[in-house]
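In: Need coordinates for the below:
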Amino acid sequence: MPDSTAIDEALRQVLARDAALLALMPDGVWFDAAKPGCKHYVLLTLVSEEDVATFPGRREYEDALYRIHAVALDTSADTAAAAANRIDALLENVALVVAGYSWMTTHREGRVRATPEDPVDPSVHWQVIGGQYRVQMAPVWGVQDGD
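Out: As a prediction, the model looks like this:
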């Protein structure tokens, strides 16, 4: 049976292996939370996921929505915006390669932008820019899976 977490990791790796993105976000690409002390990074979060079933009880495809955004401790939004544009270039309608799956689509469904205050120092603001990306993958069922 295909491993759904492989989709998460493949998505993270596409971003983490890009030199141009890492030049803008040198603290790396993280899922759910960055390590303490990071000031320029990319954050991925699985917002929702639906398994679409088919007869005889197998998943026909997995439909996931990820929030992916650049986060920068910066007075200007320029670096976070440049990183968000790079994320979009890396993901928009680009095939995601995942063992055990066939790619269907990767596309942005909407933008994300916020400038929250730092919880420790309210005079400091974070720049958060990115989008929500839809990823659909179809499991490839083989003989060992009962075909």
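
In: Burial check on the spatially closest residue to residue 2 that is not a sequence neighbour, number of neighbours?
Out: Spatial nearest neighbour of residue 2, excluding adjacent residues (C-beta to C-beta, 6 or more residues apart in numbering): residue 100 at 3.4 Å. C-beta coordinates here come from the backbone N, C-alpha and C atoms, glycine included. By other C-beta atoms under 10 Å, 16 other residues sit near residue 100.

In: Could you check how far residue 100 is from residue 79?
Out: 36 Å (C-beta to C-beta, to the nearest Å).

In: any idea of the mean pLDDT for the longest helix anywhere in the chain?
Out: If you go by DSSP state H, the chain has its longest helix at helix 78-91. Per-residue pLDDT over helix 78-91 has a mean of 98.

In: Of all the residues in it, which ones are buried?
Out: Judged by neighbour count (16 or more other C-beta atoms under 10 Å), helix 78-91 contains these buried residues: 79-84, 86-88, 90-91.

In: Which of the three states applies to residue 110?
Out: The three-state label given to residue 110 by DSSP: H, G, I helix; E, B strand; the rest coil is strand.

In: need the contact list for the residue lying closest to it once chain neighbours are set aside.
Out: Take residue 110 and drop its neighbours on the chain: the residue closest to it by C-beta to C-beta, 6+ apart is residue 132, 4.9 Å away. Residues in contact with residue 132 (C-beta atoms under 8 Å, 6 or more residues apart in numbering) are 47, 65-68, 108-110, 112.
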